[in-house]
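Asker: Just to be clear, the model below is a prediction. Sequence and coordinates:
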Amino acid sequence: MYDYIIIGSGIVGLSTGYALSERYPEARILIIEKENSIAYHQTGHNSGVIHSGIYYKPGSLKAKFSKGGGNRLRAFCDQYGIAYEMCGKVIVATEEEELPLLQNLYERGLQNGLGVSLIGSEQLREIEPHASGLKAIHVKEAGIVNYRRVAEQFAALIQERGGTLLLNTRAETIREDADEMIVECDNGTFRGRFLINCAGLHCDRIAALQGMQTNMKIVPFRGEYYELIPEKHGLVKNLIYPVPNPNFPFLGVHFTRMIDGHVHAGPNAVLSLKREGYRKTDFNLRDFAEVMTYPAFWKIAGQNMSEGWKEIVRSLSKKVFVRNLQRLIPEMREDDLIPSQNGVRAQALTKDGKLVDDFLIVSNEKSIHILNAPSPAATASISIGQAISEQIPGPLRSPIFAT
């Protein structure tokens, strides 16, 4: 019998286990993971950016948790010797019509309590010598880290404190009794007083196993990346972003220097035909059918047809992809880029055809479900874990929980 069963060993599931082990040292914690290693999907395919929170609506969970979470993340990395760098980033307006959007984004950064500054083209060149733009926002509170390394440290601490991590363990059914949650897996049955769903790309399916009515579905979007060849790493000093389209939920292709020195370019955002489909050819009939038969998908697709088509073209044509990157760095050439690791974003879409813009957390008496935790969830992971731990009842010591 466990006090807490966590489904999913991505960075959010592990940060939640870590927070619970801090808050309740005596708690019996079980984390189950269907893959053969932790941080396998979204965490393991993360861009590695420590986000500042500039993009997010003031007062939202994303704005609150990314700012506070970034501070906690840095303190955690300092404590456990995990390499990170607060290198800062620039958000660049390359066309006149982007200037009002840049101004709005700057004001949002101020509202969110960030130390942002508006800079001209000359200052931009001082920060990023190969970048080109009319104006930019310099965001000093942005950085880079290896989130898989952070997740591994969470897992190590949980296990040092007596927690159990089971890999190759897939949840198949969930039953709720009067005083326990029963999770039947492909390799055993586990009982706990409280269930925490951090299943990422499959969080809606785990909620459905319990019979939760969530009024949403996960729609997977693949983000495709290129990587600069080593000889061209000097074109990018740190992080270079375009001004995002406020009517589209993705940030546009950008440049990211990784903590290991590699430089990634991307991602685009195209519908994935498999929830864990990292290649263009990946296909799963169940995943595909669920999206195609979900009326809300067609509603959002119709509203974003123009931008969606641009993303598809970018996916099919390296030339077009590079052309978008050249808006930020005109020197960029096709030969400077090679294909890199792709990622898949778990994006919640509600039945009324709206992409969930904020983190979405739903709970009942014996469970809590994290149903939308895309970027900046890795940055915010410690704050998310702490917030979840505060909503969960403490361990109950009664005969049924006795050793």
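Answerer: Arrived safely. Numbers count the residues shown, from 1 in each chain.
Asker: and residue 337, what does it touch?
Answerer: Neighbouring residues of residue 337 by CB atoms under 8 Å, 6 or more residues apart in numbering: 226, 227, 228, 229, 265, 318, 322, 325. Backbone N, C-alpha and C define where each C-beta goes, glycine included.
Asker: pretty sure the fourth one contacts residue 334?
Answerer: No. Using CB atoms under 8 Å, residue 229 and residue 334 do not qualify as a contacting pair, with a distance of 11.0 Å.
Asker: In helices, which of the contacts of residue 337 fall?
Answerer: Using DSSP state H, the members of the contacts of residue 337 that fall in helices are 318, 322, 325.
Asker: what's the spacing between stretch 8-22 and its chain's center?
Answerer: Relative to the chain's own centre, stretch 8-22 is displaced by 15 Å; criterion: CA atoms, centre = their mean, to the nearest Å.
Asker: Just the CA coordinates for it, please, in CSV.
Answerer: In CSV, the C-alpha atoms belonging to stretch 8-22 read as follows (Å, rounded to 0.1, in the frame of the first residue of the first chain):
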residue,chain,number,x,y,z
GLY,A,8,4.5,9.2,-15.5
SER,A,9,8.2,9.9,-14.9
GLY,A,10,8.6,13.0,-17.0
ILE,A,11,10.0,16.0,-15.2
VAL,A,12,6.5,17.0,-13.9
GLY,A,13,5.9,13.6,-12.4
LEU,A,14,9.3,13.5,-10.9
SER,A,15,9.2,17.0,-9.5
THR,A,16,5.9,16.1,-7.9
GLY,A,17,7.4,13.1,-6.3
TYR,A,18,10.3,15.2,-5.2
ALA,A,19,8.0,17.8,-3.6
LEU,A,20,6.0,15.1,-1.8
SER,A,21,9.1,13.5,-0.5
GLU,A,22,10.2,16.9,0.8
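Asker: Would you mark the buried spots in it?
Answerer: 8-21 (16 or more other CB atoms under 10 Å).
Asker: same check, this time on stretch 215-227
Answerer: By neighbour count with 16+ other CB under 10 Å, stretch 215-227 contains the buried residues 216, 217, 218, 219, 220, 221, 222, 223, 224, 225, 226, 227.
Asker: which two from those end up farthest apart in space?
Answerer: The span of these, defined through CB to CB, is set by 216 and 227 at 33.7 Å.
Asker: related to what we said a few turns ago, in a markdown table: the buried residues of stretch 215-227, plus secondary structure, distance to residue 138 and pLDDT.
Answerer: Shown next, in a markdown table, are these (DSSP: H, G, I helix; E, B strand; the rest coil; distance: CB to CB, whole Å; pLDDT from 0 to 100):
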| residue | secondary structure | distance to residue 138 | pLDDT |
| --- | --- | --- | --- |
| 216 | strand | 36 | 97 |
| 217 | strand | 38 | 97 |
| 218 | strand | 35 | 98 |
| 219 | strand | 34 | 97 |
| 220 | strand | 33 | 97 |
| 221 | strand | 29 | 96 |
| 222 | strand | 31 | 95 |
| 223 | strand | 25 | 94 |
| 224 | coil | 28 | 95 |
| 225 | coil | 24 | 96 |
| 226 | strand | 25 | 97 |
| 227 | strand | 25 | 97 |
